[in-house]
Every structure is written in C-alpha cells, then in structure tokens.
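1. Sequence and predicted structure, then a few things I'm wondering about:
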Protein chains: 2
Amino acid sequence: MADYKAPRDDMDFVLHDVLNVAEDWQQAEQLADMMDIDTASAILDEAAKVSENLIAPQARQADEAGVSFNNGVVTTPPNYKENFRKLAEGGWVGVTANPDFGGMGLPKSLSAQYEEMLSSADIAFSLYPGLTSGAIMAIDLHGTEAMKNLYLPKMAAGEWTGTMCLTEPHAGTDLGIIKSKAVSNGDGSYAVTGTKIFITGGEHDLADNIVHLVLAKLPDAPPGTKGISMFLVPKIVPDENAGLGQPNALSCGSVEHKMGIHGSATCVMNFDGATGWLVGEPHRGLAAMFTMMNYERLGVGIQGLGAAERSYQTALTYAKERIQGRGAKASQQQNAEADSILVHGDVRRMLLTMKALTEGGRAFSSWVGQQLDRAKYTDDKQQRQRADAMVALLTPVAKAFLTDTGLESTVHGQQVLGGHGYVREWGQEQLVRDVRIAQIYEGTNGIQALDLLGRKVVGSGGDLLQPFSDEIESFIESLSGNKSWRKELTQLKDAVKSLNGVSKELVEKAAADENLVSSVAVEYLHLIGYIAFGYLWLRMAVVAQEKQAQKPYLAAKVKTAKFYFSRVLPRTHSLLAVIKDGSESLYLHDPEQF
Amino acid sequence: MADYKAPRDDMDFVLHDVLNVAEDWQQAEQLADMMDIDTASAILDEAAKVSENLIAPQARQADEAGVSFNNGVVTTPPNYKENFRKLAEGGWVGVTANPDFGGMGLPKSLSAQYEEMLSSADIAFSLYPGLTSGAIMAIDLHGTEAMKNLYLPKMAAGEWTGTMCLTEPHAGTDLGIIKSKAVSNGDGSYAVTGTKIFITGGEHDLADNIVHLVLAKLPDAPPGTKGISMFLVPKIVPDENAGLGQPNALSCGSVEHKMGIHGSATCVMNFDGATGWLVGEPHRGLAAMFTMMNYERLGVGIQGLGAAERSYQTALTYAKERIQGRGAKASQQQNAEADSILVHGDVRRMLLTMKALTEGGRAFSSWVGQQLDRAKYTDDKQQRQRADAMVALLTPVAKAFLTDTGLESTVHGQQVLGGHGYVREWGQEQLVRDVRIAQIYEGTNGIQALDLLGRKVVGSGGDLLQPFSDEIESFIESLSGNKSWRKELTQLKDAVKSLNGVSKELVEKAAADENLVSSVAVEYLHLIGYIAFGYLWLRMAVVAQEKQAQKPYLAAKVKTAKFYFSRVLPRTHSLLAVIKDGSESLYLHDPEQF
C-alpha cells in the first residue's frame, strides 16, 4: 500500500474556489464566529495528519488481523484501541456533535472532507466514530434533556460509542416486519427483547460503554413501519453522573465473517429484556431514525469516494514506477528497456476515469454537504426550502452513485497493478473488498434509487427535480458567451433536457404502471449522478481556467474536465435508452421461468 | 452457498438445437466415430455429477482453509487431494488430451461445457487440471516424440500436473524483458536459472510430479520477445520409464496471499540451474506458448461464465425464499406479511441481467469452441480459413468479455442478497473474489483488447472483422420476413452497421495516431461482445420460439432474449460515442498532472 496523502489542495479548491462555502458560514449565526477559511484549513490540516500518520498505516495489518470473538468478548485489531483513544482525545469523534455537549460542531461541507480522509485511511476503523456521530445526532434531535446531558458528553468525547440496531434476521430493507419488543417497566424505562444482526460496533474493546439505539415495537404498536419505536439501550447502565453501573441484559452472540472491513465488528446482538429508554415519540422511531439519515447516507457515499482516492494514489504510484512495454514513439524513454506504463492509452484510461470520478465525487459530496448546511443553518425560508429540496433529491444519489463509482474506481485501481493488484501486499484488493459493503448497508443502492425516483421525483410530481435542473440551466445560461467550453456546455444542456423530458414521462406513466419506478430507478439515479458530476466538472473547469496562472496545479483540472465530457458523460446515452424502454421486459418471466 | 446444479438442458439446447455441433463432428475424421449426441450427453451428465457432488460442495471450505506453505512444502485445502485423485481416475484431467497418449480428446465445444461446470464448482480447484491440460497441449504440439511418450501419459492420467512459468517480478505483460537464462549442459539438456512469480500450481501435494514449462533466454538470444525459448523442467527428473528419479534444482520460495482463489497455490518458483529440455525451436518459445493460447484464453473466459452461473443460482434461490416488502398489487401474496423479493423490479433487473449475460455467455463460449474445433478438424481449406479468422477475432473477446461480464454478474448476485451477500456464509462474496483474477491473468483484459483491435482488426486492415459481420448480416437477411423479432433484428442490424463504420474509421486513423488503438480498445472489445451476444440471443430466440411447444422450458429463453435487447444491448450507444471520441482526451495530461 502506498502512503496515503490527503488531497488538501483539491479540498480547498472545491470548498473555497468553487463552492465558496465560507460565504455561507458567514451568513449562518451558529457558524459566523467560529468558522472561516483559516480555521477550516487548520482543522483539515490536522485531520490530514491524523489520517495519514495514525490511521492509514494500520489498515493493511487490521485487515489481516480482523476482529476476534471469544465468549461474547470482541477484540479489535492491534492499534485500533490506542488510535481510537488518540482520535477521541483530539476531539475527532465529536467532530459534528453539538458544541453544547462538547462537540466540535463542524458544518457538513467541512466534516465531509474529514470523513473522506478517514475513509481513505481505513473504512473499517472509520465506522466506530462514524456510527457514534450518528447516534449522537439522533439523541440530540430526539432525546430528552436528561438523556442528552447524561449521554452526549461521554459520546462526543469518544469515551462511549454508539450503534444503530435496525436489521433482524428476517427483516432488513423491510423494517415494518421487525419482531423486537419493548415492554414498559413502569418506572419510565422499558424491557427490550429481540435479536438484531449486522450491528456495526455492537461490541468491541475501544470504549468503556456502548449506547445502542434499538428499533422495537411497543405492545400497542400498529402494524408496519408506523409501529416502530426507538430505544436507547446502554451496554452498561450509567448512574446519574455517568458513572458505570450494572451491565445490561444484552450480549453479542457472534461476529460476522465478511468479504472486507475486517477490522469492523459486525455483531449479532441479543437483547434479553435489556433496560432501555424511549427516544422520541412512541411509534415514531423510524421517522426519528430517518431525520439523521441524510447525513449518514452522505457519509456512506463518502466511503466510496475515500476508497477511490486511496486506490488512485496507489495505482498512480505503481504506474509511474512500473516499466513495461513501449509507448508511442514520442513518449519513449530512449535509453530504457521499456517505458513507464503511464504511456499506455488503456492505463491512462483507467487512471483518468478514476481521477474524473474521484475529483468529481469530491465536488459532489462537498456540494451536497453545502446543501445540508444551508438547510440546517439558514434563516431565509426560501433558501431553506430550496436546500431541503436539493438535499431530498441528492442524498440518495450521493449514497448510491458515490459507492457505485467507488467500486468501479477501486476495480480500475486494482487492474492497473495487474497481478500485483490481486495479491494483498499493495492493498488494492482490500479497497475493493472494503468499499463493496457501502453499496449495501445504510439502505442498498437499489433502495436509494427507489427513494430518488419513487418517493422524491414521482412522489413530488417532478417538483423536487426542479431546483436541480434550474440551477444547472441557469449556470449554462450564465456561460452562454463562453467559447472554450461550448461543446461541453451543449452536451450538458442536452443531458439536462433529456433528464427533464424522461422525468416528465416517468411521472406521467408511473400511475398506470406500478412496476415502472422499480424497473428503471437505478439507471435514473445514475443518469442524475453523471449529470451532477458534469455540472460540477464545468463549474470547476471554469474556475480552474481563470485561476491556473496563480495555481499551476489547476491546469490538470481543466484537462480532466475535458476527459470527463469525452469519456464519462456519454454513459448517459445508454442509460436514457434503457429508462425509456420501461418495465415491460422485466415482467415477462413467471417466477419459475427465472 | 446453494447447491450447484449444472445447467445441462441449456447446454444441450445451445450445442444441438442452436449450434448443431454434432453435424460438425460427423464431418471431422477424428471425431466422426467417437462422438455423437448421445455420447456427448453421457459425458456431460457424468461431468455434471462430478462437479455437483464432488467439487462444488468443497469450495467454501477450501476458501477458508487456503493453501499453506511450510519450508517449501505446499499443502492444498482438505479434500483437494482426494478429489483430484478421483477426477484423474475418471479421466477428467486428460479431457482434451490427445487419445494417443491416454486423453479423452474431446472437442472444445464439448469440453467448454465441462470447464464451465468445474469453474462453477470451484475455480481455484479447476486450475490444477486446467493448467495441466494447457501444458499437455504445448508438449503435444511442440515436444519431441520421446518427450511426449515420457510425459504425456502421466499428465493425461493426472498423475503428474503441469504449469506455465512466464511472469517474473519485473516482467508480466512485457515478456520481452525476462531475465531467466538457460545454458546448455552439453548432453541435450539445459541448466535453467531464474525466478518466476504468480505460478499457478507451481508446488502442491496433489500429484507425484510437476512438469514446468519455463520461458527463458539462451545465451545467444536476440533481445525482446524473439529471444525467448521454452523449456520443460520437471520437479523430479524421471527415468526413461517415467519412474521418479532425482529432485531437480528448483523450489517454491513462497505462496502469494490473494484476494481470492485461496485454494490455488500461486507460487514464487526459483530455478537454480534446474535441468530442463528445450520444447520446440530455440528463440521460438513465445510463439509456441501462443499456439495453445486460444484454448487457454477461452478457458479463462469460461471461468467468468462459470462464476456467474453459480452466483445466479444462489441469488435466485435466495430471492425466491426471501420475503421482504410488497410488490405491485397483482403480485402480492394476500395472506403473507410480505412478498418474495422476486416481485421487485430492481431484483428482477439484477437477476435477468445475470441470466441474459450468463446464457448469452454460454452460447458465445460454445460458439467460439465450435470455431476452434472447425479450425482444428476440418479438411476444407476455405472453412478452415474462415474458422481461423473467427478464432483470431473472437478469442480475446471471449477471454475479456466473459470475465468482465462475469464480474458484473457476480456483483449483481451479491447485491441481490444484501448484507447476506457480504458475509461469507452464502458464498456470493467468494465468487466475486474468485472471478476477479480472471480479468487479470492469461493476459489482462486490456491486453486482450489491444490484441483484438490492434493486432487483429487494424492489423488486418479490417479483414478479420469481415467473416464475423458477414455471418451476422446473412443471419439478419435470412430472417427478413420474420415479424416477431423485427424490432430486435433492426437493433442488431444498426449495431453491426455502426461496428463496421467505426472499425473502418479506426483502421484509417490508426496509422496517423499511434495512441488511438490503446485509447479505445476496451470499449471496442465490449462493443463486439454485446453484438456477438445479441446475434446469439436472436439465434437462440428463433429456435426457442419454434421448439417451445415440445420443450416448455424454452419459453423463458424467448423472454430473456427480449430482455437482452431492451436492457443490455443499448449499452452499445455509449460505447460507440466513446470510441468515436478517439485518443485526444487521454493524452492531455503530462505525467506530473495525474
């Protein structure tokens, strides 16, 4: 595995030169005093150091060691415990947590960069603080004041960690049919009973206590998803001063053996009448869980981005060093026996595809982060509505598209190394194995696509698409006199026009064809993903062209934008053809004909 | 892992109803007496039993156990030794070997089916007999009579196995720069010295002896690929009666730790003046190695197909059993809490994509096998030339396209299972890990694409493409009155026309643009792959439509053909756009701008 180097220049370029996030921060009351460009840079520099020096070097070893399970006790890989402690001490577990409870309170546009670095360094390790952040947000949004005061300071400090306990053996995507039960103990607490599977960080040796957020049904629960409640169930029940009391009636039954993220403890958790407390309203647990879902889903998308960046760095290092075959005459090293493989078109194709998807992905994740921040911080009602709409539309795209392209990139990054990509030594195969889970958990990418096309686009009669296509069309309009990017502007304009047309058609036809949405949703999500990347590539290209005299590294940005439009955006042609074809060809087969 | 069931019906349909291979057999002197439909069926039934009952059930355990290395000694997973012995006793190691030396002498169209079954059962295990078959063929084609008499009976019987030793630490794709040396011992033998890496089956405990075919350079060798010779270097030097004599001066230095195919021993082999014998002409070793390459490359392609078939079977089993969410009203099970996930459009999309690629892949690999058989067995000069041209064109497509679609299919097959696809238990993640190597070894898929577009299409001025496009155009012409498939016939006709057009353009422009071929070769290979599958899907569909009254299972075939044209063939639109864009966007970046 080549050393990881955080792409700090590119992050600053995206945040400040392209998205101008500092202006948003200045307009947000909660951020204006605490955040500016210099502070942000100092924070990201520090995050880069932690990721590069502390976490990244341990990832290969952690993959080999994995977690071990012995009679209910889970041991994480060597260095995880010490590194988690250092991470916590640096305040990095509470990076997005409410400052009232000791968190750093970073805006998402900024914490997205930190999350990317941590994902590049070691996705498996990143899940322990990541899940804790999610649990903190859920408790902060829906817990009682007493609950927040008791739990959040410990969690934001990384002394205790958090989990989300949703999935059961028979119920994953379909949470409406879960069987876990909660019965009142008569003292304000509940006895929670049930088996949960695939629980990330359900048990481990990194922290003194683990705070489980468990979905379960109350005795009077209505059937389906509207009868699910959320309970806080600590591994060890704390006293009122957050001192550790009695172990709760819960245990880890086993850990899963998985394709990747070997350092992450994926647990079967048994709750045997464990003491828990209701978080939020009865029967409203799923809604409560989903209030933080937009943040979580962007975070999982960023795992795809982080893995792709790491794979790119290693592939590039290898490609520059590996001497093999001859390039075109102009590029030959006259005195060498062979050229660096960087001269070969196919190697360049793989590397540039990775580069275009990764830098495009960084711009996209930061842009979605900016929308989340606007939705959270702005006082302007109209701006908030617009940001809410963008978040609703783009979150499923961020989760699914960044992880689908993350898999593609890591597979390219492995292929660049040939046989050396298949053996473990260089770490390229680990990135493929690690990133693969991100397409599955936190709602499979198929589910994200259904959410996008079904709930969001068709569900709003197409209204939720409007701010997105309007923004791109205004941008194209604003560059109507631009000659350097005329071809690309036309390409993007045509793509948005096709998107609007096909969306209108889908909205119209979906009522009469119940199978339509689920038949074309994945292709539709990819279509929006490629268009969003195209939009952001043009935004980056225009700025880079202006500023490349001062910042010479931006010359590459202009070239990669050209590559994106030449080689990647044309994927929309096939997607459009498939979407227009509708559902018919998917519903010809009877079940026994598969 | 669900039980594996060999798709015998589909194999018979492809071989006999669609390709009519028995007619070819009857016209081939060497096959007419030994092979007919009944004999072929009996052989494949037996191969199915071996694959289903003996090999497939061990694959998960073998993945967990892996190979172990201790002081030069390599131990394969439990059951491998016993199963290899049973395989050998059944004659399955010598399945394609020359009957003069005890082989079964099966035509490739038939052995392709056996190879698919063995790959579905356990790719890692299949490599030991697979590499042995390749070595047998090389010795049979290029060895002396004495060499053949001494080695081939033992190898065809599976008592000894074979390897191919090509790659060195600094030389993989570019074999011209290998450093291994061979010096004459003055007695007709040579002393071979060098280090070879990534040697499949270089050392193991399955057989009494291992016959290495080693590429090395003689002292007077010209530089580059024209100075490579091939040597037979046995692990133990046999006496003239094939009794085991002295151990040779060679050893296994270590085994690689890999992403997958854990049961396959991938060895570093050190040759320290080991005694070897020249196979074929001096300096012509690479050419000799390549005479069997068409068979080997189709075989690797078939690994992709085999993994895809296995993944499909497991995904389908899971999808039918898994109850989750609700389908459209018409498909709801009224009294159940939820429906089988087979009702959901996105699950159907993944399964049908796998089905279309896998059944299309089987037709394709069998068709390429038929071309190989025609090239080998026919006495008709014109038919042989045509078959040679088809083999030259289609072999790189078979290797790369079947493995690229193999990865895609196994990733879909994993996704259908959600989290259960990511844990090891169901075996779906293993298939992804195992199949991934097939895109890399035996010439990476990028190299296959260069071979196709550079050496074959552009190298022949487009002539090698002609028999392929002619055959498809004649087929379309022959169905000009057909109404059921009018839409699909038009689609295919347009695709072939585009292929011919873009090929002509590439031939014209390649001379002036040295980077053109390597910049668009992969997309070009995929374009041909999708068109070839489209052609074969239509051939299958027309036959299936005729015969579905007698064979009701063929009704599904007609439906899957519709799906292929609706959802898969449209991928050619984007490929064409990218190919037409040429090389420019790949060569904008200076090396330091990556």
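-> Looks like it arrived, so ask away.
2. Now for the residue of the stretch 451-594 of chain A found nearest chain B: which residues touch it?
-> Chain B sits closest to A:Ser518 of the stretch 451-594 of chain A, with a gap of 3.1 Å, by C-beta to the nearest C-beta. In this view, the C-beta of every residue, glycine as well, is placed from N, C-alpha and C. Counting by C-beta atoms under 8 Å, 6 or more residues apart in numbering or on different chains, A:Ser518 touches A:450, A:454, A:583, B:344-346.
3. Closest one to B:Asp63 out of those residues, please.
-> Taking C-beta to C-beta as the measure, B:Asp63 lies nearest B:Asp346 of these, at 28.7 Å.
4. Can you check what pLDDT the model gives the residue of the stretch 451-594 of chain A closest to chain B?
-> A:Ser518 carries a pLDDT value of 97.
5. what does A:Asn294 give?
-> 87.
6. rewinding a little: take the contacts of A:Ser518 and write them to TSV, including pLDDT, secondary structure and neighbour count.
-> TSV is the format used below for the contacts of A:Ser518 (pLDDT from 0 to 100; DSSP: H, G, I helix; E, B strand; the rest coil; neighbours: other C-beta atoms under 10 Å in any protein chain shown):
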residue	pLDDT	secondary structure	neighbour count
A:Leu450	97	helix	25
A:Gly454	98	helix	18
A:Ser583	97	coil	21
B:His344	94	coil	26
B:Gly345	94	helix	23
B:Asp346	96	helix	23
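7. Pick out whichever of those residues sits closest to B:Asp272.
-> Nearest to B:Asp272, judged by C-beta to C-beta, of those is B:Asp346 at 57.0 Å.
8. how about the nearest residue to the closest one, chain neighbours excluded?
-> Residue nearest to B:Asp346 in three dimensions, not counting chain neighbours: A:Gly446, with 4.1 Å by C-beta to C-beta, 6 or more residues apart in numbering or on different chains.
9. Now do the SS call for that neighbour.
-> In three-state terms, and counting by DSSP: H, G, I helix; E, B strand; the rest coil, A:Gly446 is helix.
10. In TSV, list the contacts of A:Ser518 along with distance to A:Gln113.
-> Formatted as TSV, the contacts of A:Ser518 follow (distance: C-beta to C-beta, whole Å):
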residue	distance to A:Gln113
A:Leu450	30
A:Gly454	32
A:Ser583	40
B:His344	36
B:Gly345	36
B:Asp346	32
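11. from these, which single one is nearest A:Glu168?
-> Of all those, B:His344 has the smallest distance to A:Glu168: 19.4 Å, by C-beta to C-beta.
12. How much space separates the closest one from chain A?
-> 5 Å (C-beta to the nearest C-beta, to the nearest Å).
13. Tell me which residues touch that residue, please.
-> Applying C-beta under 8 Å, 6+ apart, we find B:His344 in contact with A:446, A:518, B:325, B:327.
14. pretty sure A:Val214 is touching A:Trp277, no?
-> No. Applying C-beta atoms under 8 Å, one finds A:Val214 not in contact with A:Trp277, separated by 10.5 Å.
15. Show me the common contact partners of the two, please.
-> When C-beta under 8 Å, 6+ apart defines a contact, the residues bordering A:Val214 and A:Trp277 alike are A:231-233.
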